[in-house]
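[1] I'd like to go over a predicted model; first the sequence, then the structure.
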Amino acid sequence: MSVTQTSIKAGSLPKSGWAVALLAGTILGGVALGTPAYAQQSGGNTVSDAAPAAPAPAMTVKSIAIEGEQRLEAETILSYTKLRVGNAYTRETLDSALRDLYETELFANVQIRDNAGALTISVKENPVINRIVLEGNKRLKDDKIRPEIRMAPRQIYTRSKVRADVARIIELYRRKGRFAAIVEPKMVELDQNRVDIIFEITEGPKSKVRQINIIGNEKFSDGKLRGEMATKAARWYRIFSSGTSYDPDRLAYDQQKLRQFYLTEGYADFRVVSAVAELTPDKQDFIITYVVEEGDRYKFGDVKVESEIRDLSGERLTKMLPMDKGDWYDAKQVEDTVDQLSETAGLFGYAFSNVQPDFARDKGSLTMGITFRIADAPRVYVERIDINGNTLTQDKVVRREFRLAEGDAFNSFQVRRSKDRINSLGFFQEKLEIEQKPGSAPDRIVLETNVEEKSTGELSLSAGFSSLERFIFSASVTQRNFRGKGQELRTSVNWSNYSKSVEVGFTEPYFMDKNIALGGDIYRRDLNSFRYLNSSRDRDTTYEQTTTGFQIRAGVPLTEFTSLALRYSLNFDDVTLDRSTYFLDLDGDGTSECSPLLAGRYLCDAIGKRTTSSIGYSFIYDTRDNRLRPTRGRNAVFSQDFAGLGGSVKYLRSRINGGQWFPLGGGFIFSLKGEAGYIFGLEKQRYGIDFNGNSYAIEKVRLTDRFFLGEPQLRGFDIRGVGPRVLRYYLQDDGSGNYIRTSSGSRNNTDDALGGKLYYLAHAEVEIPLGSGARELGLRPSIFVDAGAVGKVKRPSTIPHFNGLCQDNTTGARAEAPATGQCPNYDSTTGGSTTHTLVIPPFEEQYVGDTLAPRLSVGFGINWNSPFGPFRIDIAKALLKEPGDDTKLITFNIGTQF
């Protein structure tokens, strides 16, 4: 096996087919031919092919023999020449035959021997390509390069094909900004006249834009104009931007961007005189220079609309135009006006209306008069709706999302709304368009929808770590287009240190082909609540809540943007406390009870089994363009749930939430969101006995039904870090017999959040766009302001001061210590009692946080769809807080999918 290396450089290859054939023969190891020649033998004497003194006489071809052929038939090889037995031939005839054979690019070497008219054509066929190998390509993978290669296994190898493929690969790298890329083709000879073709690629560094110069601009600074361009000069802070690499297509695009910018500012005569990209001497970067001519700035002159469509009044439309005479000319505003007028005509059913702006430029007064002419067109009706490409999804699933039916008058708004609804299904690729095609008559239109199915089934296994719930494991199976009918079937299992759940759900969006959604869920959820210990989360849980139940859901649209959702839920709850931690036998009769000394009266009141039977509704208004990542529009939801249709729990819970999204331009998106809720207890008033033997009213709304606020809803605060809570401070001897709080009253012991009956929450957030490179990485940063509060519960029974609980070492009887931390028969020298044991140290309890004063935080965060799963981090600073609130600077969530 031998390896032949071919070095291809620009300008080094011959151009003519004949020279190429000769060069191919040389590279492939054939006989090197300096000039076309043949060997002539006569009577055993060899005649030189040097230029004769006189032209050789013509001879007659007596016979033609072919030798050296392998894959080609002899007749096929002969057919490529003009040589035939019986014909006359000369030296020029043989030269022409030799040239014809080389031009087929089927042969590595060709010789013609002449023995007094007996011609022998000796050929060596070009080898067959066995395989094509790419080496050294790291930035561009094989699947990106191979489609550019025209050679393929089992094809005939030719030099021209290699040269063309090398040029295509280099061009591919140049389109990616790598102008220093080098491609070295190599050939490995195998047996049976086969070869392996190896492209050794040296990718080189990505060519950056070192500098952008602009010459001729006087009205706007270089920095302002550079900001309008997609190409950016390479700087350290643009490491995630793909706009810093040189791209000839982007250079042309930037010229158009400059023109658009000047036209929107009124410079109607602006032009780019030249745009030159120069490679730096080190051949690493480019310097781009634009020469521009700004011209004069124009204002709008007389602006009007002339309509030939009877349903559209030109005078009325003129009054609705966004520009007035004397305003600075704006070409973008003109384009938008044309689109708006076309859409207005479409609203009246004129699908094929033609809006043409006529410009009247007055260079003397520097004004631009415009007449928008709406040509006459027939009113159009929908003849047919065609749906193509839906191999899995049934036609009716797509058709029922159309806001137009066959026979309806055409309406452009309804067509756009139909497109948004089909996209919202999530069954098809997002680049969906509804094409408007002429029908069988001038007043007929065909709406053709070409869809491309995408996977709607999801099998997800994820594991990760959350600052809320520590280690997390989740598994789910979801089919959002079950049986191609648009039905959703899902099941999920979630586990973390503080919560576990199993859920199965099904939704039929069009029950019995009616516009009524019907669904249900069956679930089991286990929640382990926690308290804070020494300003950190306690490893042990406080109460455990187990919920088993089901929900039935139904929804019906009221208008295009409003809908009504109904639901019924039945839940069986069991709230428990750990007996070994929170139960005591105070009477010594062997019966343990929940001890307020250990758990707090508020937790003891929460334990027990209960049944919640509730019915609810939601009134929904939604005009957002995308429910997952909206960029414009608004939504509002008002919900109420009434618990009391049987069961042991009775309340009325009301909630309202909404938001508005505003595109600010340049990819910035501003959003305002808010929500609030109130739960009103309907149970009979219950009473309890506090530590001092006094009666107190127990809050009607149980602890597990209240609202809680904190991370992640209110960033800058810990989970359940806002609102009413009971702080318990255990007292310690300072060494002199005095019992004090550690750290002078700082929260150094337990902290139990109690939630509230009323809450409100507001968010203001700006999503910041990044370059295309960062977008490809899935980076979406934002800055935000959060505000909210929760409260309004009855003051719970607390213990302002407790001396400690002493147990008699002989009888086991327990009683409060007569003095703080000192049991009967206390010995100050030993620091203990000879007859009793202090089983519960002294403590003080304080109720704080029950105020609706706003808590406020500001910060920034970033979402990253990382290779190992979604990642979200927020850094927020609490600016307004109340005593007892728990703040948190950094929160994050990370996971992985496999």
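    The structure has been received and is ready for your questions.

[2] return the helix or strand in the protein with minimum mean pLDDT.
    Across the helices and strands of the chain, mean pLDDT, DSSP states H and E gives its lowest value to helix 17-27, namely a mean of 30.

[3] now do the strands in the stretch 101-250 of the chain.
    In the stretch 101-250 of the chain, the strands defined using DSSP state E, counting those that start in this stretch lie at 107-115, 118-125, 128-135, 182-190, 194-202, 208-215.

[4] pick the most buried one from those strands.
    strand 107-115 (a mean of 21; mean count of other CB atoms under 10 Å). Any C-beta I mention is one placed from the backbone N, CA and C, and that applies to glycine too.

[5] partners of that one in the sheet?
    With DSSP bridges as the test, strand 107-115 is paired with strand 39-42 (parallel), strand 118-125 (antiparallel).

[6] go through the ones you listed and find the least confident stretch.
    Across those, strand 39-42 has the smallest mean pLDDT, namely a mean of 37.

[7] residue 843 contacts residue 727, doesn't it?
    No: judged on CB atoms under 8 Å, residue 843 makes no contact with residue 727 at a distance of 10.0 Å.

[8] now do the helices in this structure.
    Taking DSSP state H as the test, the helices found in the chain are 17-27, 74-79, 91-103, 142-145, 159-175, 222-228, 248-264, 314-319, 331-347, 395-399, 412-425, 579-582, 601-606, 772-776.

[9] can you list those helices in JSON lines and add distance to residue 299 and mean neighbour count?
    What follows is the helices of the chain, written out as JSON lines (distance: least, CB to CB, whole Å; neighbours: other CB atoms under 10 Å):
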{"stretch": "helix 17-27", "distance to residue 299": "62", "mean neighbour count": "18"}
{"stretch": "helix 74-79", "distance to residue 299": "75", "mean neighbour count": "14"}
{"stretch": "helix 91-103", "distance to residue 299": "66", "mean neighbour count": "19"}
{"stretch": "helix 142-145", "distance to residue 299": "50", "mean neighbour count": "13"}
{"stretch": "helix 159-175", "distance to residue 299": "42", "mean neighbour count": "18"}
{"stretch": "helix 222-228", "distance to residue 299": "21", "mean neighbour count": "14"}
{"stretch": "helix 248-264", "distance to residue 299": "14", "mean neighbour count": "17"}
{"stretch": "helix 314-319", "distance to residue 299": "18", "mean neighbour count": "14"}
{"stretch": "helix 331-347", "distance to residue 299": "12", "mean neighbour count": "17"}
{"stretch": "helix 395-399", "distance to residue 299": "49", "mean neighbour count": "17"}
{"stretch": "helix 412-425", "distance to residue 299": "32", "mean neighbour count": "17"}
{"stretch": "helix 579-582", "distance to residue 299": "79", "mean neighbour count": "13"}
{"stretch": "helix 601-606", "distance to residue 299": "72", "mean neighbour count": "22"}
{"stretch": "helix 772-776", "distance to residue 299": "36", "mean neighbour count": "15"}
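
[10] reformat those as a markdown table; add distance to residue 449.
    Shown next, in a markdown table, are the helices of the chain (distance: least, CB to CB, whole Å):
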| stretch | distance to residue 449 |
| --- | --- |
| helix 17-27 | 51 |
| helix 74-79 | 52 |
| helix 91-103 | 51 |
| helix 142-145 | 30 |
| helix 159-175 | 33 |
| helix 222-228 | 36 |
| helix 248-264 | 31 |
| helix 314-319 | 31 |
| helix 331-347 | 17 |
| helix 395-399 | 7 |
| helix 412-425 | 7 |
| helix 579-582 | 63 |
| helix 601-606 | 55 |
| helix 772-776 | 28 |
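
[11] between those, which gets nearest to residue 826?
    Nearest to residue 826 among the helices of the chain is helix 579-582 (27.1 Å), distances taken as CB to CB.

[12] between the helices of the chain, which one is closest to residue 881.
    Going by CB to CB, the one of these nearest residue 881 is helix 601-606, 22.4 Å.

[13] how about the CA coordinates for the closest one, as CSV?
    Presented in CSV, the C-alpha positions along helix 601-606 are these (Å, rounded to 0.1, in the frame of the first residue of the first chain):
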residue,chain,number,x,y,z
ARG,A,601,-49.4,25.0,70.3
TYR,A,602,-49.8,26.0,66.7
LEU,A,603,-48.3,22.8,65.4
CYS,A,604,-50.3,20.6,67.9
ASP,A,605,-53.5,22.3,66.6
ALA,A,606,-52.6,21.3,63.0
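
[14] which parts of the stretch 701-850 of the chain are strands?
    Assigned by DSSP E, counting those that start in this stretch, the strands in the stretch 701-850 of the chain fall at 725-733, 739-741, 750-753, 758-767, 779-791, 805-808, 814-816, 826-827, 832-833, 836-840, 843-848.

[15] so of those strands, which one's packed in deepest?
    Using mean count of other CB under 10 Å, strand 750-753 ranks as the most buried of those, with a mean of 24.

[16] which helices and strands sit right next to that one?
    The contact analysis (3 or more CB pairs under 8 Å, 6 or more residues apart in numbering; DSSP states H and E) places strand 750-753 against strand 517-533, strand 725-733.

[17] any chance of a markdown table for those, columns distance to residue 688 and mean pLDDT?
    Output for the helices and strands packed on strand 750-753, formatted as a markdown table (distance: least, CB to CB, whole Å; pLDDT from 0 to 100):
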| stretch | distance to residue 688 | mean pLDDT |
| --- | --- | --- |
| strand 517-533 | 21 | 79 |
| strand 725-733 | 15 | 84 |
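
[18] could you redo those as CSV and give each row distance to residue 181?
    Shown next, in CSV, are those (distance: least, CB to CB, whole Å):
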stretch, distance to residue 181
strand 517-533, 55
strand 725-733, 64
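
[19] any chance of TSV for the strands of the stretch 101-250 of the chain, columns distance to residue 662?
    Formatted as TSV, the strands of the stretch 101-250 of the chain follow (distance: least, CB to CB, whole Å):
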stretch	distance to residue 662
strand 107-115	69
strand 118-125	70
strand 128-135	48
strand 182-190	50
strand 194-202	47
strand 208-215	32
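
[20] check contacts around the nearest residue to residue 421 once chain neighbours are set aside.
    Spatial nearest neighbour of residue 421, excluding adjacent residues (CB to CB, 6 or more residues apart in numbering): residue 401 at 4.1 Å. Counting by CB atoms under 8 Å, 6 or more residues apart in numbering, residue 401 makes contact with 418, 421, 422, 425.

[21] for residue 401, phi and psi?
    Backbone dihedrals for residue 401, given as degrees, to the nearest 10, come out at phi -90, psi -10.
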